[in-house]
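1. Here is a sequence with its predicted model. Questions after.
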Amino acid sequence: MINSYVAVFFLSVFIASCAQIVLKTSADMEHANLVREYLNPRVVMGYLILFGSTFLTIIGYRGVELKMGPVIESSGYIFILILSNVFLHEKISIKKVMGILFIVSGMVVFSI
């Protein structure tokens with residue numbers, strides 16, 4: 001059975017991944033000037049979501065061992081791969097999958 005703190009930690013990573021997608025969509029847009037490039041609704045919303053994700057991470061660390069945090073955080077690479085495919089229509093290549101497998105396997109070995 002999954003620990004509720006682990007679930008909160010995974011939720012935090014997923015929410016942070018969603019925020020990265022929002023920030024990426026803003027970066028792909030044309031902006032009138034430099035100020036609007038960094039102060040537009042998508043950027044502000046993206047950073048507010050990341051701020052909220054930070055609080056969930058803090059709650060998650062209450063019940064998750066410190067050494068397991070980076071292992072759970074590495075799931076963000078998987079979330080980003082899937083979310084960028086769905087929302088940004090980026091292709092999932094074998095190189096991306098292999099890279100993520102290396103990162104995640106390295107984090108799992110690190111946690112042992």
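-> Yep, it's here. Numbers count the residues shown, from 1 in each chain.

2. Just the element for the most centrally placed residue in the chain, please.
-> Against the mean C-alpha coordinate of the chain, by Cα atoms, centre = their mean, the closest residue is Ser17 at 2.7 Å. Using DSSP states H and E, Ser17 sits in helix 4-27.

3. Residues contacting that helix, please?
-> Counting by Cβ atoms under 8 Å, 6 or more residues apart in numbering, helix 4-27 makes contact with 40, 42-43, 45-47, 49-50, 52-54, 56-57, 59-64, 68-69, 72-73, 75-76, 79-80, 83-84, 87-88, all of which sit outside it. For glycine as for every other residue, the C-beta is placed from the backbone atoms N, C-alpha and C.

4. Out of those residues, which end up buried?
-> Buried by 16 or more other Cβ atoms under 10 Å: 43, 46, 49-50, 53, 56-57, 59-61, 64, 68-69, 72-73, 75-76, 79-80, 83-84, out of the contacts of helix 4-27.
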